[in-house]
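**Student:** coords below, sequence missing:
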C-alpha cells in the first residue's frame, strides 16, 4: 500500500466513516438529514475533532455527505441496493431498487491469454488453452461500483471481434446470444468479503485493503459447458447487493410424467457410469453389489490418466442421449439430418467425449464437420450406437409406440445403414414409450420392445436400409425367454452370454438388455447389478436397462445420491433437462 494513502480500512477515521455509512443504511440518518456536529461526533466516538474532520472529508469525497457553510453537514446519498434476480443476465440485468441510476462500463483490458491451472480447472479446458480476458469497470452514473474480470473460452466464441462490440453500454451475454447462440442457463456464484488490492482500489476510488464483496461466477451454457469464469469485486461503502429469488409455480404433473422422465435419465446415466469401468470385465453379483454401494462415495477410482474414470463419469452411451434430448427440445418438424448433425457436433464440443469415443463416432463427427454427405458418414455394420442413445425419443411419445418407432428408425438411418441397427433402436424407443404409460408393467414393456424391433426393421428396409444378419426381433424373444426361466442371476447371465452375446453389435447387446430386464421384473437395482456383471459392452447394456426400467418405475427407485454424483462429476443438471423435456412434450411449466 502507498504510504501516502492514510485511508486504510483499519485506521480510526475510516472506521468512523463506515459507522456513519452503517447508520445511513439503517435509516438513522436519511437523505437530507443534518448529521451531528463535529464536537458531538468526537464525543460519541471518543476521538479528536481532527479525526472526525478527516472522516467527514472522506464521506464528502465519496458524495455521501455535503457541507453547507453556516448550516452544517447533510446526508446527500444513501448506499444503493443492487438487486440481482436473474443470475443468467449478468450485471446488465441488475437493478437498483431504491435509486434510478444509469449503469455503464469502461473496458480497461481486452486480451487473449493461455489458461493457467486455475482457469483450466474452472473452465474445464486443458492448460494453455486460449482464454479471452475482458476487464471492465462498472459505473453507476459516474461512480465506479465494481471491477469485473471475465475469462471466456476462446474456441466457443466463434471469432467474435470484441473490439467492434459495445461492451460499455451493451451486454456481453446478449452479444454471445446473438453472435454465437450461447445461452447461459446455469450460473454458480460464490460470495465472500475480501480486502481490496491496491490495483483494484485505484479503479474503484477507494483505499487499498478496504472491504469489497468478491463474487466468483462460473457460467455454463444450455449444454452444461462452462463458458465464462468471472471475478467481480464490488465496493461496499456506497452500494450493497441484494440477491432475490422467486419460486416458480409448477403445474401438477399428470401420470407422474416428471418422475418417469427423470427416472429414465438417471437410470441411463447411472447404468452407463457404473458399467463403464467394468467394460470387458466380469464381476459376480456380490462384487457388483459392493461396487454399487460404493458408487456415491466421494473417493475417486484409480483413473490411470483417463479423466473419465471417476465414479459417476458417463461415456458416449449416455452423453449422446443427453445431447439428443437437448436438441429435441428445439425440434419443430421432427427428426432431420440437420437435427441429427447438431446432436453430434454439439456433443463433440463438450469436454473430452469425442477424444474417448470409439472410431465410428469420431469418423461421423469429423465427416460432418467437413460437410460430407450423410451417405458417406453412416456406419455400415450392425451397430448398437443408435440404440444406446435413442431413449429420449421414447420419452417424447407416451404410449405412442408407432411414432416412437418411426422416429427412431428415421434417426438411426442418418447414422447407420443397417436394418438391424434400426430394429434395435426401434425396440428401445418403443419400450420406453410404453414405459411412459402410467398403467404399464414390465410385460407390456418387453412386448413393446419385441414389436418395435419387428416394425422398425420393416420400416428401415422400406427406406433403403441394408438387410441381412441375425434377427433382432428373434434374439429379443429368445433373451426374454431366458430371463423368464426363473434361474439364478449367474445362470441367466451365462446363458445370455452363450446364446445371445454381449458384444458391440445391435443383435447382441440390445437383446441382452431385454433378457436381463425379463429376469429382474421390478427390481431395478438387481438388473443394474446383472448389467455391470455380464461383461463386454456393460456400459451400453446397463444404460439401456437403466433407461427402460428407470422410466417404468420412476426416479424414486434410484438412490438420490446417484443423481448428485452424476450431476457433480459430469457437470449435468438432470432435473433441468427433465423439466425442459416435460415442458416441450407434456406442457408442464419449466
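**Tutor:** That came through fine. Just so it is clear, the structure is predicted and the values come from calculations on it, not from any experiment.
**Student:** which other helices and strands contact whichever helix or strand residue 60 is part of?
**Tutor:** Secondary structure from DSSP states H and E places residue 60 in helix 49-61. Here helix 49-61 touches helix 12-25, helix 38-45, strand 65-68, going by 3 or more Cβ pairs under 8 Å, 6 or more residues apart in numbering; DSSP states H and E. C-beta here means a position set from N, CA and C on the backbone, and glycine is covered the same way.
**Student:** Show me what it is in contact with.
**Tutor:** Helix 49-61 has contacts (Cβ atoms under 8 Å, 6 or more residues apart in numbering) with 6-7, 12-14, 16-17, 20-21, 38-39, 41-42, 45, 65-67, 73.
**Student:** Restrict those residues to the buried ones and give me that as a ChimeraX selection.
**Tutor:** What follows is the ChimeraX syntax for the buried subset of the contacts of helix 49-61, where burial is set by 16 or more other Cβ atoms under 10 Å:
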select :7,13,14,16,17,20,21,38,41,42,45,65,73
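**Student:** ok, back up a step: quick one, which of the helices and strands packed on helix 49-61 gets closest to residue 342.
**Tutor:** Closest of the helices and strands packed on helix 49-61 to residue 342 is helix 12-25, at 50.5 Å (criterion: Cβ to Cβ).
**Student:** now the closest one against helix 38-45, angle please.
**Tutor:** On the basis of axes from the mean of the first three to the mean of the last three Cα atoms, to 10 degrees, helix 12-25 is oriented at 100 degrees to helix 38-45.
**Student:** gap between helix 12-25 and the chain center?
**Tutor:** Put simply, helix 12-25 sits 43 Å off its chain's centre (Cα atoms, centre = their mean, to the nearest Å).
**Student:** Rounded mean pLDDT for it, please.
**Tutor:** For helix 12-25, the mean per-residue pLDDT is 81.
**Student:** ranges for the helices of the stretch 201-350 of the chain?
**Tutor:** Here the stretch 201-350 of the chain has its helices, by DSSP state H, counting those that start in this stretch, at 257-276, 285-293, 316-328, 337-348.
**Student:** most tightly surrounded among the ones you listed?
**Tutor:** helix 257-276 (a mean of 27; mean count of other Cβ atoms under 10 Å).
**Student:** ok, the residue nearest the centre of the chain - contacts?
**Tutor:** For the chain, the residue nearest the mean C-alpha position is residue 224 (2.7 Å; Cα atoms, centre = their mean). Applying Cβ under 8 Å, 6+ apart to residue 224 gives the contacts 186, 350, 570, 571, 572, 573.
**Student:** so how far is residue 457 from it?
**Tutor:** Look at residue 224 and residue 457: by Cβ to Cβ, to the nearest Å, they are 35 Å apart.
**Student:** Sketch out the low-pLDDT regions of the stretch 351-500 of the chain for me.
**Tutor:** Along the stretch 351-500 of the chain, the parts satisfying pLDDT under 70 run over 351-352, 371-378.
**Student:** Quick one: the helices in it, in order.
**Tutor:** Counting by DSSP H, counting those that start in this stretch, the helices of the stretch 351-500 of the chain are 353-356, 359-369, 385-389, 391-395, 401-412, 419-435, 442-462, 472-483, 489-499.
**Student:** Test my guess that residue 416 contacts residue 385.
**Tutor:** Yes. Assessed by Cβ atoms under 8 Å, residue 416 is found in contact with residue 385 at 6.8 Å.
**Student:** Comparing those two, which residue is more hemmed in?
**Tutor:** residue 416 (30 against 26; other Cβ atoms under 10 Å).
**Student:** Surely residue 111 is within a strand?
**Tutor:** Yes. Under DSSP: H, G, I helix; E, B strand; the rest coil, residue 111 sits within a strand.
**Student:** Let me see the domain layout of this structure.
**Tutor:** As given by automatic domain parsing, the domain ranges for the chain are 12-75, 80-243, 254-292+316-586.
**Student:** Pick the most deeply packed of these.
**Tutor:** Using mean count of other Cβ under 10 Å, domain 254-292+316-586 ranks as the most buried of the domains of the chain, with a mean of 22.
**Student:** Quick one: distance of it to the chain centre.
**Tutor:** What separates the centre of domain 254-292+316-586 from the centre of its chain is 21 Å, taken as Cα atoms, centre = their mean.
**Student:** before we move on, what about stretch 138-158?
**Tutor:** 23 Å.
**Student:** Quick one: end-to-end distance for it.
**Tutor:** Start-to-end span of stretch 138-158 (Cα to Cα, to the nearest Å) is 26 Å.
**Student:** circling back to that earlier point, out of the contacts of residue 224, which are inside strands?
**Tutor:** Taking DSSP state E as the definition of strands, those contribute residue 186.
**Student:** And the contacts of residue 224, which is closest to residue 134?
**Tutor:** For those, the minimum distance to residue 134 (Cβ to Cβ) is 20.6 Å, reached by residue 186.
**Student:** Helix or strand: which one has residue 525?
**Tutor:** helix 524-533.
**Student:** so is the residue lying farthest from the centre of the chain in a helix, a strand, or just coil?
**Tutor:** The C-alpha centroid of the chain is most remote from residue 70, which lies 61.8 Å away (Cα atoms, centre = their mean). At residue 70, secondary structure determined by three-state DSSP is coil.
**Student:** so how far is residue 53 from it?
**Tutor:** 17 Å.
**Student:** same check, this time on residue 312
**Tutor:** Here residue 312 is placed at a distance of 62 Å from residue 53 (Cβ to Cβ).
**Student:** Name the helix or strand of the protein that has the lowest mean pLDDT.
**Tutor:** strand 95-96 (a mean of 46; mean pLDDT, DSSP states H and E).
**Student:** where does this structure have low pLDDT?
**Tutor:** Along the chain, the model assigns pLDDT under 70 to residues 1-10, 79-102, 239-255, 277-310, 332-333, 350-352, 371-378, 588-590.
**Student:** Enumerate every residue touching the nearest residue in space to residue 190 that is not next to it in sequence.
**Tutor:** In this structure, residue 190 finds its nearest non-sequential neighbour in residue 216, 4.4 Å apart by Cβ to Cβ, 6 or more residues apart in numbering. Neighbouring residues of residue 216 by Cβ under 8 Å, 6+ apart: 189, 190, 229, 230, 231, 232.
**Student:** what do you get if the cut-off is 7 Å, keeping everything else the same?
**Tutor:** Residue 216 sits next to 189, 190, 231 when contact means Cβ atoms under 7 Å, 6 or more residues apart in numbering.
**Student:** Tell me if I'm right that residue 536 and residue 500 touch.
**Tutor:** No. Applying Cβ atoms under 7 Å, one finds residue 536 not in contact with residue 500, separated by 11.2 Å.
**Student:** can you list contacts of stretch 186-194?
**Tutor:** Contact partners of stretch 186-194, identified using Cβ under 7 Å, 6+ apart, comprise 87-88, 211-220, 224, 573.
**Student:** 8 Å instead, please
**Tutor:** 87-88, 211-220, 224, 233, 236, 573, 576.
**Student:** So which of those belong to strands?
**Tutor:** Mapping the contacts of stretch 186-194 onto strands (DSSP E) picks out 211, 212, 213, 214, 215, 216, 217, 218, 219, 220, 233.
**Student:** Pull the most distant pair out of the residues you listed.
**Tutor:** Maximum distance among the ones in strands among the contacts of stretch 186-194 (Cβ to Cβ): 29.5 Å, for 211 and 220.
**Student:** Now do the SS call for residue 138.
**Tutor:** Assignment for residue 138 (three-state DSSP): strand.
**Student:** cool, the one 10 residues further on as well?
**Tutor:** Taking three-state DSSP as the rule, one finds residue 148 in the strand state.
**Student:** what sits against the residue nearest to it when sequence neighbours are not counted?
**Tutor:** Leaving aside its sequence neighbours, residue 148 sits nearest to residue 136 (Cβ to Cβ, 6+ apart; 4.8 Å). For residue 136, the contacting residues are 105, 106, 107, 108, 147, 148, 150, 167, 168, by Cβ under 8 Å, 6+ apart.
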